[in-house]
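Undergrad: How does the following fold in three dimensions:
(one chain, ligands or ions: 3)
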Amino acid sequence: MTSSLTITRPDDWHLHLRDGAALQAVLPDTARRFGRAIVMPNLRPPVTTTDLAQAYRQRILAALQPGDRFEPLMTLYLTDKTSAEEIRLAKASGIVHGVKLYPAGATTNSDSGVTNLGHCVPALEAMQELGLPLLVHAEVTDADVDVFDREKVFIERNMRPLLQRFPALRVVFEHITTREAAQFVAESPDNIAATITAHHLLMNRNAMFSGGMRPHHYCLPVLKREDHRLALVAAATSGSPKFFLGTDSAPHPQSAKESACGCAGMYTSHAGIELYAEAFEEAGALNRLEGFASFYGADFYGLPRNTDTVTLVKESWQVPDNLPLGEERLVPLRAGQSIGWRLL
Ligand SMILES: NC(=O)N[C@@H](CC(=O)O)C(=O)O
Ligand SMILES: [Zn+2]
Ligand SMILES: [Zn+2]
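TA: Numbering: from 1, shown residues only. Ligands and ions are numbered 1, 2, ... in the order given. Predicted coordinates for the structure are as follows:
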């Protein structure tokens, strides 16, 4: 039985770091494990320009602790008004590595998002030309579409037409949650890839209702049925370079989660690589973890692979009931329960 696992240091290709005191609270969890992270731009106000991304990057760097070697990879928040010029500035800055598409109303802080992709043609043309990836929260927002079908419907209504119109656009289908998405990405050309979260590999939708309502298991896209989880596990452990690690760790104050209208997002950075080790071990595929966590994302983004390593030991530890989040607390995934792998 494996008792320890050393892999090239992983990167997190989908992360919410927030800002201010929350940023200060959560950043050490990521910096301890990951070399780099694609930092999501859904702040209030959103990070819509390269200038805002530069300033946010400086705040992240200032929040690091002495000795940290973590590198934040910045993103822009696409709006109906994003110009081709802004895309050129972003690319030329060297600090912006992707542009995030939030359909307006799809998820947390998406109200400034895109109402109609038709408005984004100049920006998308520039991104295609410059090789700047489009990162997609791939869910339709129509209230008449069942919440469990929103990703599947987005593929047909939006993703296929988008790729037809921009066949060379580099696209990351973020936090895939369905068999249909895994299959779509697997069958697409090499300019299409996907991130997969640990929570979607480890849980199905029953986790939202086990013994009562479980607000800390609510995220978007929402957890799906077991057969979808199995399809995600198969994709993540397949060895295909189209699938790589993106935690989508999304901290919210406990009060905002445990509420009559609780917000979407799970916090997983406290065990950002350990949870994946559990999922890969359960699938009998620990030998595939390194490619998924440490190689394929860097390769897709055209960045060098990390050269140092991390070591995990197969040793159970208990997750605290809650963690500080500025003046508030947050409830991490597995709060009060154990995780089977520990970071040395
Ligand atoms: N995943 C989530 O449920 N929430 C994310 C937004 C997102 O990634 O869609 C957040 O910012 O809280
Ligand atoms: Zn999202
Ligand atoms: Zn996210």
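Undergrad: Quick one: mean pLDDT over stretch 282-302.
TA: Taken as a whole, stretch 282-302 has a mean pLDDT of 98.
Undergrad: and it, which residues are buried?
TA: Neighbour counts over stretch 282-302 (16 or more other C-beta atoms under 10 Å) mark 283, 285-286, 288-298, 300-301 as buried. Every residue, glycine included, has its C-beta placed from N, CA and C.
Undergrad: Endpoints of it, how far apart?
TA: The first and last residues of stretch 282-302 sit 31 Å apart, counting by C-alpha to C-alpha, to the nearest Å.
Undergrad: Show me the strands paired with the helix or strand residue 311 falls within, marking each as parallel or antiparallel.
TA: When elements are assigned from DSSP states H and E, residue 311 belongs to strand 309-313. Looking at strand 309-313 with DSSP bridges, its partner strands are strand 4-8 (antiparallel), strand 342-343 (antiparallel).
Undergrad: related to what we said a few turns ago, please identify which of the buried residues of stretch 282-302 is nearest to residue 190.
TA: Nearest to residue 190 out of these is residue 300 (C-beta to C-beta; 8.8 Å).
Undergrad: How about the contacts made by the closest one?
TA: By C-beta atoms under 8 Å, 6 or more residues apart in numbering, the contact list for residue 300 reads 133, 170, 172, 193, 241, 244.
Undergrad: same question, residue 27
TA: Counting by C-beta under 8 Å, 6+ apart, residue 27 touches 17, 60, 63, 64, 70.
Undergrad: relative orientation of the helix or strand containing it and strand 309-313 in degrees?
TA: In this structure, residue 27 sits in helix 20-33 according to DSSP H and E. Relative orientation of helix 20-33 versus strand 309-313 (axes from the mean of the first three to the mean of the last three C-alpha atoms, to 10 degrees): 90 degrees.
Undergrad: Okay, buried residues for helix 20-33 please.
TA: So for helix 20-33, counting by 16+ other C-beta under 10 Å, buried means 22, 23, 24, 25, 26, 27, 28, 29, 30, 31, 32, 33.
Undergrad: Repeat that for stretch 151-161.
TA: For stretch 151-161, a neighbour-count test (16+ other C-beta under 10 Å) marks 151, 152, 153, 154, 155, 158, 159 as buried.
Undergrad: what comes into contact with it?
TA: For stretch 151-161, the surrounding residues in contact (C-beta under 8 Å, 6+ apart) are 103, 117, 136, 138-140, 142, 145, 171, 173, 176-178, 180-181, 184, 221.
Undergrad: Can you say which of those residues are buried?
TA: Looks like the contacts of stretch 151-161 have 103, 117, 136, 138-140, 171, 173, 176-178, 180-181, 184, 221 buried, using 16+ other C-beta under 10 Å.
Undergrad: any idea which of those is closest to residue 228?
TA: Nearest to residue 228 among the buried ones among the contacts of stretch 151-161: residue 178, at 5.0 Å, using C-beta to C-beta.
Undergrad: Double-check the closest one against residue 228; I have them as touching.
TA: Yes - if you go by C-beta atoms under 8 Å, residue 178 and residue 228 touch, sitting 5.0 Å apart.
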